[in-house]
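Trainee: Quick one: sequence and predicted model below, then my questions.
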2 protein chains.
Amino acid sequence: MGVEFGGDCSSTAALLMSSKTAAAEARAVRSHSEAERRRRQRINGHLATLRGLLPCAARLDKAALLAEVVKRVRELRKRVEEVEVEVAVPGEGDEVGVEEAEAGGGQGRVVRAWVCCADRPGLMSELSRAVQSVRARAMRAEMVTVGGRTRSLLELDVGDAAATAVTMEAGDGRSALQAALWAVLLRNQTGPVENFSKRARKSTRFGAT
Amino acid sequence: MGVEFGGDCSSTAALLMSSKTAAAEARAVRSHSEAERRRRQRINGHLATLRGLLPCAARLDKAALLAEVVKRVRELRKRVEEVEVEVAVPGEGDEVGVEEAEAGGGQGRVVRAWVCCADRPGLMSELSRAVQSVRARAMRAEMVTVGGRTRSLLELDVGDAAATAVTMEAGDGRSALQAALWAVLLRNQTGPVENFSKRARKSTRFGAT
DNA sequence: CTCGACACGTGAGGC
DNA sequence: TGCCTCACGTGTCGA
């Protein structure tokens, strides 16, 4: 309302203010609105792309769509961090690690163990036997091999560890597991155990987050 | 420009058009602009959240930010589809599947196999031996166990399969692998093989995208 | 001064 | 009718 009368007002204003920039301003104003329109097109185009990318979020409020996008990004980011950062590309050095997992699962102690070494046939079986040898159970295992080197991550349920090894403390259980894993790793080597400590790197990280 | 004169124009218009809705429209107009302002706040709020969520995309154009978000969502969606949809939560029915992977890795045929069955100690070792029995090599393995049921995904390098089994065609190699995996699965059962086909579900999906 | 990005108010259209 | 969402043109600030 009042816009159709605004023509008179603005023309009056134009006559009053700048006399020389009459048609020049007209072009400037038009280019301005066109540029703004293009900007909106870019934004809404990306918004439409996101709408297509999200499965459930067709026909959604522009704001609600963005909220949904935020949710999805958070979910996916968490998923990736869970499984991808942990099992990274195998490193150059041989490595064995054991650490307590955060107390999320509930009953039974959960331990996270990883081994990085040269790949060889049967390695998976040997690791599995090592796990069994300390009375642990693999809840979840992941392994990646590239360029002849392999890295395995084992999420182990060590039950109520005290029951299976009454005389052991928790620390002994961990080092038993670690020793078994080291044994698997060293079975690959030419010489026996004399370079044991030399090959040990940042093993048995504990409580790292 | 002309807006400061618009006050006169609009009041004139108000006097001319509807005499009774004078102050009512004033309130309506104000509420409208306020609502619109709130709408903008919601959108920009979510936009800011996304800005914080993306690592590299601080201080970015609003449109460029959305483009970056689109990119991230595509990346993450691909990642998740690669490793998470395949290794989903173990189903209720026993299942063995073998399929050719897309030709991404380069040399050597890559086969993707999965097994879903009841969990038991030593299952991992048996699966590993089954893989070895068909002269395949595990490039990558993933396994998830929940509620006593387990599902494993194996990405196998079957080398140049023709070399290890000269008389075999590719199809025979696949079914050999599948038979070995079925053998592992059935070792768990009470009765032997009579319910073989009853337990077979959507096994040996092939070429699915 | 021009260009690009932003927030604002406003008209149109959908429940 | 009122409320809501959207696109539009515009004023404004900063390179």
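Mentor: Cool, got the structure.

Trainee: Could you use CA atoms for every contact and neighbour count after this?
Mentor: Will do.

Trainee: With adjacent residues omitted, what lies nearest to residue A:73?
Mentor: Ranked by CA to CA, 6 or more residues apart in numbering or on different chains and with sequence neighbours excluded, the top spatial neighbour of residue A:73 is residue B:73, at 6.5 Å.

Trainee: Residue A:68 too?
Mentor: That would be residue A:57: by CA to CA, 6+ apart, it lies 7.4 Å from residue A:68.

Trainee: Can you tell me how far that neighbour is from residue B:38?
Mentor: Applying CA to CA, to the nearest Å, the value for residue A:57 to residue B:38 is 22 Å.

Trainee: quick one: low-confidence ranges for chain A?
Mentor: Low-confidence segments of chain A (pLDDT under 70): A:1-22, A:80-91, A:101-108, A:146-147, A:159-173, A:188-209.

Trainee: what about 50?
Mentor: A:1-18, A:85, A:105, A:161-162, A:164-167, A:190-209 (pLDDT under 50).

Trainee: which residue ranges form the helices in it?
Mentor: A:3-16, A:22-53, A:62-80, A:123-133, A:161-164, A:170-186, A:196-199 (DSSP state H).

Trainee: one step back: more crowded one of residue A:57 and residue B:38?
Mentor: More crowded of residue A:57 and residue B:38, by other CA atoms under 10 Å in any protein chain shown: residue A:57, with 16 against 12.

Trainee: What separation do you get for that one and DNA strand C?
Mentor: 16 Å (CA to the nearest atom of the strand, to the nearest Å).

Trainee: go on, residue A:35?
Mentor: In terms of CA to the nearest atom of the strand, residue A:35 sits 6 Å off from DNA strand C.

Trainee: Please apply the same query to residue A:184.
Mentor: The gap separating residue A:184 from DNA strand C is 56 Å, by CA to the nearest atom of the strand.

Trainee: Then residue A:152?
Mentor: Distance from residue A:152 to DNA strand C, by CA to the nearest atom of the strand: 45 Å.

Trainee: I figured that residue was touching residue A:116, is that so?
Mentor: Yes - in terms of CA atoms under 8 Å, residue A:152 counts as a neighbour of residue A:116; the distance is 6.5 Å.

Trainee: tell me the contacts of residue A:119?
Mentor: A:145, A:148, A:149, A:150 (CA atoms under 8 Å, 6 or more residues apart in numbering or on different chains).

Trainee: can you do 6 Å?
Mentor: By CA atoms under 6 Å, 6 or more residues apart in numbering or on different chains, the contact list for residue A:119 reads A:148, A:149, A:150.
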